[in-house]
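K.L.:
mind folding the following:
(one chain, ligands or ions: 2)
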Amino acid sequence: MLPALIAHTTLWPEALNAFFVRAPHMASSESPVPPIDWDALTFSFTETDRMFVAHGTWEDGWSEGEMMDFQPLTLTPAACVLNYGQGLFEGMKARMAPDGRITLFRPEMNARRAAEGSARLVMPEVPEEMFVDVVKRVASENRRWVPPNGRGELYIRPIIFGSSARLGVAPADEYMFVVFAVPVGPYFKGGMTPISLRVSQDHHRAAPGGSGGVKAIGNYAPGMMPSKKAKSEGYSEIIYLDAVDHQYVEEVGAANFFCVRDNVLYTPELTGTILPGITRLSIIELARSIGLEVKEERVDIDFALECDEAFCAGTAAVISPIGSIEHVERVVNYGDVGKVTLDLYRRLTGIMDGSSEDPFGWTLEI
Ligand code: PLP
Ligand code: COI
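P.N.:
Ligands and ions are numbered 1, 2, ... in the order given. Here you go, the predicted structure:
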């Protein structure tokens, strides 16, 4: 077997990767570098080595589950998730610290949010301990796919869904908890290059009483058409306003919205229609810890357009500065990355990737 030294060096001859990447699972510390140009990573799918699958029922709870090589799942065409969208997903990242440690960021928060979402979608909750343990195992067994420090992350995708057949609209009898992982780069092209957004005039993401506050899989497909249209017209993403007044900012595609005015940080309050982002919460806690005033309240789009800085935040998006917003006839330019945005970005990513202290105890070594 190869010495651990070879992992994450460029000394490994490229030609051998083709063989090793398809080879059966190897102890991660002895695995060669995968055939990936870390600097060309985007937020897109790459098949990795290992995944986890567990089965659950209402009566017996969750099976212990098993780690296996990455492979397709077998599902009945009548599966509740395929017909009625009974399912949710989570998104989290494993990062390599400068000293080679691999850490997760607040995985227990994802576990809690998944449990709350499962209750909303009438699915058995995965216990927090099991959720975190499985995520650690998936990161660990795909260790060679974790990009070197500062060059990307291993995005971990837990999914929970109704897997048994159901013809009438009702919860499934059987469920699956699956976790896989993918190495990723920036969600928006250019990373910290400010993005251009357009406020959607025709579509809303979620309505009061709906499922906007949980990561239900069904929340995402309806956003594809407006998002695709905006992208084809040169915008990076759309901003959704609330569905009642069409006046208050909700989210930026699949990320939370922040703006800064006179050194005060504003973000839409959680009303049930907005996803309670873990990055959002961390930014609020971090900002308050450095003495920045934070207001969680309804953010009028006209107020947001008068702000000094704006950015969006999420696991995939991290902190992405907003350069301009188009709303009806008006286009507002915020200019280059603002100083509050940059300061929060540096502090947060420093904690996340282990290049600075973690006074909050947010990171968990795998
Ligand atoms: N809003 C939506 C709709 C999302 O899908 C996400 C991504 O998870 C977020 C916000 C950001 O949440 P988090 O910071 O937990 O990734
Ligand atoms: C995340 O940030 O983890 C998301 O889920 C956003 C998107 C990829 C759906």
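
K.L.:
drop to CA atoms for contacts and neighbour counts, all remaining ones
P.N.:
Will do.

K.L.:
for S196, which three-state class applies?
P.N.:
strand (DSSP: H, G, I helix; E, B strand; the rest coil).

K.L.:
get me the contact residues on the stretch 201-350 of the chain for ligand 2.
P.N.:
Residues of the stretch 201-350 of the chain lying close to ligand 2 (CA under 6 Å from any ligand atom) are A254, G314, T315, A316, A317.

K.L.:
now for the residue in the stretch 101-250 of the chain positioned nearest to ligand 1: which residues touch it?
P.N.:
Nearest to ligand 1 in the stretch 101-250 of the chain, going by CA to the nearest ligand atom, is K215, at a distance of 6.3 Å. For K215, the contacting residues are L88, F89, E90, A114, G117, L275, by CA atoms under 8 Å, 6 or more residues apart in numbering.

K.L.:
of the residues you listed, grab the buried ones for ChimeraX.
P.N.:
Selecting only the buried entries of the contacts of K215 in ChimeraX, with 16 or more other CA atoms under 10 Å as the criterion:
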select :88,89,90,114,117,275
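
K.L.:
quick one: which of the contacts of K215 is nearest to ligand 2?
P.N.:
Set against ligand 2, the nearest of these by CA to the nearest ligand atom is E90 (6.2 Å).

K.L.:
the closest one against N110, yeah?
P.N.:
Yes - with contacts defined as CA atoms under 8 Å, E90 counts as touching N110 at a distance of 6.6 Å.

K.L.:
now the stretch 1-150 of the chain against ligand 1: closest residue?
P.N.:
Taking CA to the nearest ligand atom, the stretch 1-150 of the chain has G91 as its residue nearest ligand 1, at 5.7 Å.

K.L.:
name the nearest residue to that residue, ignoring sequence neighbours.
P.N.:
With CA to CA, 6 or more residues apart in numbering as the criterion, G91 has its nearest non-adjacent residue at 5.0 Å, and that residue is R157.

K.L.:
what's the weakest-modelled helix or strand in the chain?
P.N.:
The helix or strand of the chain with the poorest confidence is helix 14-22; it has a mean of 38 (mean pLDDT, DSSP states H and E).

K.L.:
what strands line up against the very next helix or strand once past that one, and which way round?
P.N.:
Where DSSP states H and E defines the elements, the next helix or strand beyond helix 14-22 is strand 50-57. Counting by DSSP bridges, the strands paired with strand 50-57 are strand 61-62 (antiparallel), strand 66-69 (antiparallel), strand 174-184 (antiparallel).

K.L.:
what mean pLDDT does strand 50-57 get?
P.N.:
Strand 50-57 shows an average pLDDT of 98 in the prediction.

K.L.:
please apply the same query to stretch 87-104.
P.N.:
97.

K.L.:
mind putting the contacts of K215 in CSV, secondary structure included?
P.N.:
Converted to CSV, the contacts of K215 look like this (three-state DSSP):
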residue, secondary structure
L88, strand
F89, strand
E90, coil
A114, helix
G117, helix
L275, coil
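
K.L.:
for the stretch 51-200 of the chain, which segments are assigned as strands?
P.N.:
61-62, 66-69, 87-89, 92-96, 102-105, 153-162, 174-184, 195-199 (DSSP state E, counting those that start in this stretch).

K.L.:
could you redo the residues of the stretch 201-350 of the chain next to ligand 2 as JSON lines and give each row neighbour count?
P.N.:
Output for those, formatted as JSON lines (neighbours: other CA atoms under 10 Å):
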{"residue": "A254", "neighbour count": "23"}
{"residue": "G314", "neighbour count": "22"}
{"residue": "T315", "neighbour count": "19"}
{"residue": "A316", "neighbour count": "21"}
{"residue": "A317", "neighbour count": "21"}
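
K.L.:
in the stretch 51-200 of the chain, what residue is nearest ligand 2?
P.N.:
G91 (3.6 Å).

K.L.:
got the residues of the stretch 201-350 of the chain near ligand 1?
P.N.:
Within the stretch 201-350 of the chain, the positions near ligand 1 by CA under 6 Å from any ligand atom are A254, A255, N256, L275, G277, I278, T279, R280, G314, T315.

K.L.:
picking that back up, pick the most deeply packed of the strands of the stretch 51-200 of the chain.
P.N.:
strand 92-96 (a mean of 26; mean count of other CA atoms under 10 Å).
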